[in-house]
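Peer 1: kindly generate the corresponding structure for this input.
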Amino acid sequence: MRLNFSFRRLSLRAKLISDYLVILGIGGLATSLLGSWIVSSTIMMQPHRAVDHDLAVARSLYDQKLETVEQTVQLVAPGTIIQQHLQQHLAAGKGSSLSAYLDSIRKDNRLDFLTLTDPKGHVSPQVSEPHGAISDISSSGVVRAALSGKVAAATEILSAEILHNTDPLLASRAYLPSGESPRTDAPAPDKTAGPSGLVMIASAPVVGTDGRIVGALYGGILLNQNFEIVDRIWKVLFQGDRLDNQDIGVVTIFQDDMRVSTTVKTTGSVRWVGTPSPAEVREDVLEQGRSFRGRMLAAGDWYVSAYAPLRNYEGRIIGMLAVGRLERAYTSTRNRVILSFFGIATIGFILILGVTYREIGKVMLPVGKMVAATQNIAAGRFDQEVQSSPQQGEIALLADSFNTMLKSLRQMRGDLEEWGRTLEEKVKQRSEELFAMQARVAQSERLASLGILAAGVAHEINNPLGAIMALTGLTLEELKENDPNRENLQEVVRQSERCRDIVKGLLQFSRHSKVNPELADLNKILQDTLSLVTKQAQFLNITVATNYDPQLPPVMANKSELEEVFMNILINAVQAMQERGTITITTRHSVPDNSVEVLITDTGCGVPPDKIDQLFHPFFTTKESGQGTGLGLSIAYGIITSHHGSISVESEVGKGSTFKIRLPIASAVATGRLS
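Peer 2: Take a look at the predicted model:
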């Protein structure tokens, strides 16, 4: 309250300035936030576009390297030197000269291995394997393609056995350190117990002098802990760009989901190999075969990265090629631009504040004179008038309006004096209306007490009424069929039963009986009710048409009470049609309201519009005297309400009526989502 009072005591100048600053601040803040979002989106879109381009370039360089290996093997395989050396090897049973020749070619072309197989894909130890073991490399799709006469190249995974028998150093390189602190001096496992390795491999057929394929020449590069390829791609893409002594981009090759070669470094110059890729990357790239782009955490820094699958000769995904750009390189630029943007906006805001204060001061000078005049008027001096000149524009118009208002005040004071004289008469009139209202409230209270008394009387009547019915029934049993008193006693029984029904209805209406709900099928309840009432004589000329929703969900309800509701409505419909016409019953599911609806339509006489609102009131009936108690629909209303539902009626005189019952479905009751 003190804050509000202080604000009211501010001068008009201060209020105008504060309001203007609020509007300007909100607009400026909204504009700044929108501009910052646009700038941020534009800048942060650049690394995503860049990594897509980087990945395409990296894949091209990777494929070029694989093509180089393929060209080397393709040029060497058909040469006469290979055939001569191979013939000498087959004749002499020694492979030292052939091994030396292949080793020289391997070193010249910077390959990790280059060797021959026989037509079955077995690598002879005399040719290239120094440990005397025989390896079967026919499982490689590239070698199988060469033995069938094709030149092939692809990325493959070679087993630990083949790597070890080819060169123990290769098996040592294939062994990757694990964890967050990789080690480059980790020892390789003994013999064939080590891991497999990811290789670029190419193979070409070796044709003998008779034109038959006598073997296959294959060679390649082991990618595990081979950083030449990733470093070359990194230099082409990023040209040594750094941020705070950190590489701005990274290149990584994965075997399955494990880093085998990367430019990411941790402490010093240690490469971050032997670590797995994130789970979302494995799912998209390795399992689904799609490219992936997103933010990834590597060695403590966030990168905008792109991944593409590496496939072997048969097309199976065996690894990934990934590039990434340091997100911090772009976020730092974004932050500088946004800070500059907000700095310029702040300076502009201060300048606008100074200009606004000066201009509003000029405008408010004449208004101050008007304030002094109003203070004199507040003291009771209504002879004050404000002088103005036409040059003041809107201020002059305001002064004229002020003078006009002053004249109106003088007139209003005279009117108030006149109203004071008539106030007493008006107060007397209002008092009489208040007394009448109190009388109506007292009458309502008496009616409420009468209802309670009626319920008690009805309860007390039950016992003597039961005795009358019992004794009359016993007397009827003892009378002969032709006794003249028999008809009178039967009339006593009928009227007693009618009294019993009236008392029962009155008690049910006055009580709030506890509902024991259970899962209920409204279609079945309706059908069971029809099977009971349609057997009665008054339904002989009634046609009942049903349109049940077969997918109607269940409700939580007391089945017997719902049967009573439907029976009351159906009997009322028959009586309204004078036992001749059509009743249509429809059930449907109202999805937006989480409820089911039952519509019972008759072709009866209808209900006048002025009586529809009274249909559910107790003891109200449109039937002739003696044909109804007026409790059926009021009891139905109470039952439906206790089930958290609603009942309504639409009627047209001469055409019929439609009763609509709506109940919540069981799932809505269980979760509390009642519409």
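Peer 1: and Ala306, that's in a helix?
Peer 2: No. With DSSP: H, G, I helix; E, B strand; the rest coil as the criterion, Ala306 is strand rather than part of a helix.
Peer 1: that one: neighbouring residues, count only.
Peer 2: 25 (other C-beta atoms under 10 Å). C-beta coordinates here come from the backbone N, C-alpha and C atoms, glycine included.
Peer 1: just use 97 as the starting number from now, easier for me
Peer 2: Okay, residue one is now 97; in that scheme the one you just asked about reads as Ala402.
Peer 1: tell me the pLDDT of it.
Peer 2: On the pLDDT scale, Ala402 is placed at 92.
Peer 1: what pairs with it across the strands?
Peer 2: Here Ala402 shows beta-bridge partners Arg389, Val419, assigned using DSSP bridges.
Peer 1: now do the contacts for it.
Peer 2: By C-beta atoms under 8 Å, 6 or more residues apart in numbering, the residues touching Ala402 are Val147, Asp148, Asp150, Leu151, Ser387, Phe388, Arg389, Ala418, Val419, Gly420.
Peer 1: list buried residues within those residues.
Peer 2: Val147, Asp150, Leu151, Phe388, Arg389, Ala418, Val419, Gly420 (16 or more other C-beta atoms under 10 Å).
Peer 1: what's the separation between the last one and Arg389?
Peer 2: This means Gly420. Plainly put, Gly420 is 10 Å away from Arg389 if you go by C-beta to C-beta, to the nearest Å.
Peer 1: ditto for Asn654
Peer 2: With C-beta to C-beta as the criterion, Asn654 and Arg389 are 60 Å apart.
Peer 1: domains of the chain?
Peer 2: Listed by automatic domain parsing, the domain ranges of the chain are 164-318, 324-427, 515-607, 609-767.
Peer 1: of these, which shows the lowest average pLDDT?
Peer 2: domain 515-607 - the lowest mean pLDDT of the domains of the chain, at a mean of 71.
Peer 1: how about stretch 500-508 as PDB, C-alpha atoms only?
Peer 2: Extracted C-alpha coordinates of stretch 500-508, given in PDB (Å, rounded to 0.1, in the frame of the first residue of the first chain):
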ATOM      1  CA  THR A 500     -16.700  23.400 -18.500                       C
ATOM      2  CA  MET A 501     -16.300  20.800 -15.800                       C
ATOM      3  CA  LEU A 502     -16.300  23.500 -13.200                       C
ATOM      4  CA  LYS A 503     -19.700  24.700 -14.400                       C
ATOM      5  CA  SER A 504     -20.900  21.100 -14.300                       C
ATOM      6  CA  LEU A 505     -19.700  20.800 -10.700                       C
ATOM      7  CA  ARG A 506     -21.800  23.800  -9.700                       C
ATOM      8  CA  GLN A 507     -24.800  22.300 -11.300                       C
ATOM      9  CA  MET A 508     -24.100  18.900  -9.600                       C
END
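Peer 1: list the buried ones in that stretch?
Peer 2: Leu502.
Peer 1: hmm, back to that, turn the buried ones among the contacts of Ala402 into TSV, including distance to Ile201.
Peer 2: What follows is the buried ones among the contacts of Ala402, written out as TSV (distance: C-beta to C-beta, whole Å):
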residue	distance to Ile201
Val147	37
Asp150	33
Leu151	33
Phe388	39
Arg389	40
Ala418	32
Val419	32
Gly420	36
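Peer 1: identify the farthest-apart pair in these.
Peer 2: Asp150 and Phe388 (13.8 Å; C-beta to C-beta).
Peer 1: Ala312 and Thr211 touch, don't they?
Peer 2: No. Ala312 is beyond contact range of Thr211, at 9.6 Å (criterion: C-beta atoms under 8 Å).
Peer 1: more crowded one of these two?
Peer 2: Between Ala312 and Thr211, Ala312 has the larger neighbour count (other C-beta under 10 Å), namely 32 against 25.
Peer 1: secondary structure of the more buried one: a strand, I assume?
Peer 2: Yes. Under three-state DSSP, Ala312 sits within a strand.
Peer 1: quick check: closest non-adjacent residue to it.
Peer 2: Ala242 (3.8 Å; C-beta to C-beta, 6 or more residues apart in numbering).
Peer 1: before we move on, which element is that neighbour in?
Peer 2: Using DSSP states H and E, Ala242 sits within helix 237-243.
Peer 1: circling back: next, format the domains of the chain as CSV and append distance to Thr470.
Peer 2: Shown next, in CSV, are these (distance: least, C-beta to C-beta, whole Å):
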stretch, distance to Thr470
domain 164-318, 78
domain 324-427, 59
domain 515-607, 25
domain 609-767, 56
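Peer 1: of the contacts of Ala402, closest to Leu570?
Peer 2: Looking across the contacts of Ala402 and measuring by C-beta to C-beta, the closest to Leu570 is Phe388, at 92.7 Å.
Peer 1: so who does that closest one touch?
Peer 2: Glu376, Val377, Asp380, Val381, Ser401, Ala402, Tyr403.
Peer 1: now the buried members of these.
Peer 2: Among the contacts of Phe388, the ones that count as buried by 16+ other C-beta under 10 Å are Val377, Asp380, Val381, Ser401, Ala402, Tyr403.
Peer 1: looking at this, the second one is in a helix?
Peer 2: Yes. In this structure, Asp380 lies within a helix as judged by three-state DSSP.
Peer 1: ok, the nearest residue to it once chain neighbours are set aside to Val419 distance?
Peer 2: Among residues not flanking Asp380 along the chain, Phe388 sits closest, at 4.4 Å (C-beta to C-beta, 6+ apart). Phe388 is 12 Å from Val419, where distance means C-beta to C-beta.
Peer 1: overlap in contacts of the two?
Peer 2: Going by C-beta under 8 Å, 6+ apart, residues that sit against Phe388 and also against Val419 are Ser401, Ala402.
Peer 1: coming back round to it: following the helix holding Ala242, which helix or strand shows up next?
Peer 2: Counting by DSSP H and E, the next helix or strand C-terminal to helix 237-243 is strand 248-254.
Peer 1: same for that following strand, what does it pack against?
Peer 2: In terms of contacts (3 or more C-beta pairs under 8 Å, 6 or more residues apart in numbering; DSSP states H and E), strand 248-254 is packed against helix 108-172, helix 237-243, strand 293-303, strand 397-407, strand 413-422.
Peer 1: just the CA atoms of it, as PDB, please.
Peer 2: C-alpha atoms of strand 248-254 as PDB (Å, rounded to 0.1, in the frame of the first residue of the first chain):
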ATOM      1  CA  ALA A 248      39.000 -54.400 -55.200                       C
ATOM      2  CA  ALA A 249      39.700 -52.000 -52.400                       C
ATOM      3  CA  ALA A 250      37.800 -51.300 -49.200                       C
ATOM      4  CA  THR A 251      38.000 -50.800 -45.500                       C
ATOM      5  CA  GLU A 252      38.100 -54.100 -43.700                       C
ATOM      6  CA  ILE A 253      38.700 -55.500 -40.200                       C
ATOM      7  CA  LEU A 254      41.600 -58.100 -40.100                       C
END
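Peer 1: could you check it and say which residues are buried?
Peer 2: Under 16+ other C-beta under 10 Å, the buried positions of strand 248-254 are Ala248, Ala249, Ala250, Thr251, Glu252, Ile253, Leu254.
Peer 1: which other helices and strands does whichever helix or strand comes after it contact?
Peer 2: For strand 248-254, the following helix or strand on the C-terminal side (DSSP H and E) is helix 256-262. Using 3+ C-beta pairs under 8 Å, 6+ apart, the elements in contact with helix 256-262 are strand 218-219, strand 231-232, helix 264-270.
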